[in-house]
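# fold the following and give me the result.
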Amino acid sequence: MRCRVRRREWPGRITLAVCALAFGLVVGGCAGTTGHLAVASTRDVDLQDVHMDAPGRHVVGRNCIQLIVVVPTRMPNFGDAIDETLRTSGARALTNVRIGYEIFYVPFIYGVACYVAEGDLQW
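Numbering: from 1, shown residues only. Here you go, the predicted structure:
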């Protein structure tokens, strides 16, 4: 049994494939690392009380903004991302911290940009 595709179905399939490819190229997101810190906190901490070798629970905090057309609603703040991780856990500091960013953007329509702070909790 041979499967044959009728000739008039090809233009619709080609159009669908081209649209899917264009959508994939236009809509995009990226993530990257801004930096690494040994210790980070938004609270007063005595560094002698921070135990760098003690394993803590690994947490992730985000501070996100919206991009409407090309205008941000406000500026992101990685201090707020660190504060989010500490506020939810009750810890005083993070060790082995990675500060990064994540962006998802549909050009000239809408987007979300986030600073991400992740590290190990220290009480």
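
# quick check: what element follows the lowest-mean-pLDDT helix or strand in the chain along the chain?
Sorting the helices and strands of the chain by mean pLDDT, DSSP states H and E puts helix 10-26 at the bottom, at a mean of 59. Downstream of helix 10-26, the first helix or strand assigned by DSSP states H and E is strand 28-40.

# sheet partners, orientation included, of the helix or strand just after that next one?
Downstream of strand 28-40, the next assigned helix or strand under DSSP H and E is strand 58-68. Paired with strand 58-68 in the same sheet, following DSSP bridges, are strand 71-72 (antiparallel), strand 110-122 (antiparallel).

# flag every buried residue along the last one.
By neighbour count on 16 or more other CB atoms under 10 Å, the buried set for strand 110-122 is Gly111, Ala113, Cys114, Tyr115, Val116, Ala117, Glu118, Gly119, Asp120, Leu121, Gln122. Where you see a C-beta, it was placed from the backbone N, CA and C, and this is true even at glycine.

# so what's the fourth one up against?
It stands for Tyr115. Neighbour list for Tyr115: Thr34, Arg62, Asn63, Pro76, Asn77, Phe78, Asp80, Ala81, Ile99, Gly100, Tyr101 [criterion: CB atoms under 8 Å, 6 or more residues apart in numbering].

# now do the second one
Taking CB under 8 Å, 6+ apart, we find Ala113 in contact with Cys64, Ile65, Leu67, Pro72, Pro76, Tyr101, Glu102, Ile103, Phe104, Tyr105.

# circling back to that earlier point, nearest to Val39, of the strands paired with strand 58-68?
Taking CB to CB, strand 110-122 is the member of the strands paired with strand 58-68 nearest to Val39, at 7.9 Å.

# quick one: the closest one to chain centroid distance?
6 Å (CA atoms, centre = their mean, to the nearest Å).

# what angle sits between it and strand 28-40?
Orientation check (axes from the mean of the first three to the mean of the last three CA atoms, to 10 degrees): strand 110-122 against strand 28-40 gives 30 degrees.

# could you dump strand 110-122 to PDB, C-alpha only?
The C-alpha trace of strand 110-122 is given here as PDB (Å, rounded to 0.1, in the frame of the first residue of the first chain):
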ATOM      1  CA  TYR A 110       6.000  41.200  26.100                       C
ATOM      2  CA  GLY A 111       8.900  39.800  28.200                       C
ATOM      3  CA  VAL A 112      10.000  38.800  31.600                       C
ATOM      4  CA  ALA A 113      13.600  39.400  33.000                       C
ATOM      5  CA  CYS A 114      14.800  38.000  36.300                       C
ATOM      6  CA  TYR A 115      17.800  38.100  38.500                       C
ATOM      7  CA  VAL A 116      18.400  34.700  40.100                       C
ATOM      8  CA  ALA A 117      20.200  34.200  43.400                       C
ATOM      9  CA  GLU A 118      21.000  30.600  44.500                       C
ATOM     10  CA  GLY A 119      23.100  29.300  47.300                       C
ATOM     11  CA  ASP A 120      23.300  27.300  50.500                       C
ATOM     12  CA  LEU A 121      21.500  28.600  53.600                       C
ATOM     13  CA  GLN A 122      23.400  29.400  56.800                       C
END
